[in-house]
Each structure stands twice: as structure tokens, then as C-alpha cells.
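Q: just coords:
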């Protein structure tokens, strides 16, 4: 017995409604550090570059939302504006106030700074608590970046897993309390220093009801893992507006499963993760994956794709596998997936 035309129309309508809802449940978070010309280039934008980014957001009709508004909407599976963006800074540098804050106020764009309470007012390049109070009165929100920007994955000599996690938990919770005492609220957000984390730290954040923010590329959605939300770095080599605009218009890749349970990699070569993808708005033949900027092969079996990393060497430090695919319905917008990988050096140290 064949399927009626009416039934097909209903199915197509339901699929279109589902896709529209998925497209409306996406946001992009930008990540900055310094706003200066004399700071490390890899983590810096000039005031002119920041202005060009903000001007693009304004000219192209992006909705720049307070980070808490975006996270709350996605956590509650509520729709966001079509092009929703949140702006974040890590590390609490004073040049954010000196060079970035006036420009952001000019555009009336809200933003969040992740700070290390133990360094506030102590290091000369850091904001003071008075600075933070002033900026808070002008709409800036502040969140946790640990007390002192340590490598969270680094264990002390002789430290077992239980002792390590207890130390990290104390660091995060004490920083949260100190920050709450100063600003009068607690978002329970944590930006991982250096973007590094593993499944143990994700479980810790889940237990403590924290939202985690990472440093790998990608949009976020209601289906994202809220213990490791993607943010697009927008400084250094990533400050180029021509490439940044593609990222600003990106969508969260609808990954249903991922064979990699941890981003920590100890092997000498890149892994070959297997992903299950919801293909309602994606054509497999347009799906591309990249390592170090080069396209790598993929292998499909129904809606499962294996990233064939081959024999590419995985060096100590931080690496990524990025995959993108254009939307069927909105081909100028790309779904984006990023798999971060963290590898210690031969001495078990994590690199800055």
C-alpha cells in the first residue's frame, strides 16, 4: 500500500518545521583576550580590528546578546534571534577596559569577561576590583576563569585522580565565591584556562551545576554539551574579518554521537573519530573535514561518518579536527563541528 500525497505533505511540513526550529536554536560566541598593539599577537586584536568586527555585526543585523541570555535560552530550548552572537574576553586584562570597553559601549554591545580572582589587582596588567565595579555598572558581566589560570589537566607530583579533582574543585569553587562576593552574583560559568579539559573535569562541572566554555571552534545549540561549549577565537590569525564572517554565520553541527569520549590524546597520530550526524539539513557529499587546514578523507555509512586522519602526526599541545557542511535550506550558512585534542609533552607537561 503506497503512501498518500497528503501523508507525504504532512511529513515534509513536519520536517521543515523541525529544521526551522533547529536553525532558530543556534548561537555563536566570540572569544577575545587582549585589545592592544603591544601584547602577544596570538591573543590580541587591535582597537581598529575590534571596531571592524563590531561594525560588521551592526551592519549585518546580528543580535548581540548578553551571554547569560543566550545560555538561558538554549538551556531551556527556547529560540534565539536568527543571527545571535555573544562576546567574551578571557583573563581580565586592563587593556580591555582601556581600549576595548569604550568601543563596545559605543556600539552598546553587552559582553562578559572571564577573570582569575587571585590575579585581580595583583598583576599590573590586570583589571582592579574598582575597574570591575565600574564596568559592572556599565553592563559588563563577569565569570570564573579559575583562581590563577592553571593548567587544569596538570597533576602535581604523586597526586592521584581523587586528590587532583579535589584540588581543582576547591580552586573553581573558591574563585566563584570570591567573584560572587565582589560582583554580587554567581553565574556558575567556567572558561577552561587554555581551553583544556577532559571527561573528569566535565563531570565535575556537571556535579557542581556549572556551564563550561572551551576554546574550540563552532556554533552552539540547545543540543550542545553545556560542560564544553564552543567559542570562536577572534584574535591573532583568527581576527581576519573575511574568514570570521563565515564563522559568525555558522550553525551547530547536529552531531548525535561521537566515538571520542575524551579530548585528551596520548597517541602519536590523530585519531579517526566516528560521528553520527542528523542529515535532515545536510548533504553527505558536501561534508568536509580539515586537519591543520588540509582536507582529510571521510567515509560514510548511512548517517555515520568516519574522519580518516590517516597517519598525520599529532604533536604535543592543542590541536583540532574541524568539519563543516552547508545547510540545504540556507546554503550560505555552514554547520560547524570541532573536535579539540590535548596532548602533553614527553615529560607529561601541558604547554602554554
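A: Perfect, I can see it now. It should be emphasised that the depicted structure is a prediction, and the values quoted were computed from it without experimental measurement.

Q: CA atoms for contacts and neighbours, from now on please.
A: Will do.

Q: what sits against residue 107?
A: Going by CA atoms under 8 Å, 6 or more residues apart in numbering, residue 107 touches 54, 58.

Q: ditto for residue 237
A: By CA under 8 Å, 6+ apart, residue 237 lies in contact with residue 42.

Q: swap in 10 Å and give it another go.
A: Listed by CA atoms under 10 Å, 6 or more residues apart in numbering, the contact set of residue 237 reads 41, 42, 43, 44, 45, 243.

Q: quick one, phi/psi of the last one?
A: Dihedral angles phi and psi of residue 243 (degrees, to the nearest 10) take the values phi -90, psi -30.

Q: what's the neighbour count on residue 320?
A: Counted with other CA atoms under 10 Å, the neighbours of residue 320 add up to 20.

Q: who does it bridge with?
A: residue 340 (DSSP bridges).

Q: okay, it and residue 72: tell me how far apart.
A: Distance, residue 320 to residue 72, by CA to CA, to the nearest Å: 28 Å.

Q: give me phi/psi at the residue lying closest to residue 214 once chain neighbours are set aside?
A: Nearest residue to residue 214 in three dimensions, chain neighbours excluded: residue 195, at 4.7 Å (CA to CA, 6 or more residues apart in numbering). Main-chain torsions, residue 195, degrees, to the nearest 10: phi 70, psi 10.

Q: and for residue 34?
A: phi -90, psi 150.

Q: state the distance from it to residue 151.
A: According to CA to CA, residue 34 stands 20 Å off from residue 151.

Q: higher neighbour count, those two?
A: Between residue 34 and residue 151, counted using other CA under 10 Å, residue 34 has the larger neighbour count: 28 against 19.

Q: surely that one and residue 101 touch.
A: No. Using CA atoms under 10 Å, residue 34 makes no contact with residue 101, being 11.4 Å away.

Q: what touches both of those two?
A: Common neighbours of residue 34 and residue 101, using CA under 10 Å, 6+ apart, are 47, 94, 95.

Q: keep only those of the residues you listed that are in helices.
A: Using DSSP state H, 47, 94, 95 are the members of the shared contacts of residue 34 and residue 101 that sit in helices.

Q: residues contacting stretch 176-189, please?
A: For stretch 176-189, contacts defined as CA under 10 Å, 6+ apart pick out 68, 71, 114-118, 129-130, 132-133, 136-137, 141-147, 170, 172-175, 190, 205, 208-213, 226-227.

Q: now do the SS call for residue 106.
A: When classified by DSSP: H, G, I helix; E, B strand; the rest coil, residue 106 comes out as helix.

Q: report how many residues lie close to it.
A: 10.

Q: what sits against it?
A: The contact partners of residue 106, by CA under 10 Å, 6+ apart, come to 51, 54.

Q: just checking, residue 265 touches residue 339?
A: No. Counting by CA under 10 Å, residue 265 sits too far from residue 339 to count as a contact (11.3 Å).
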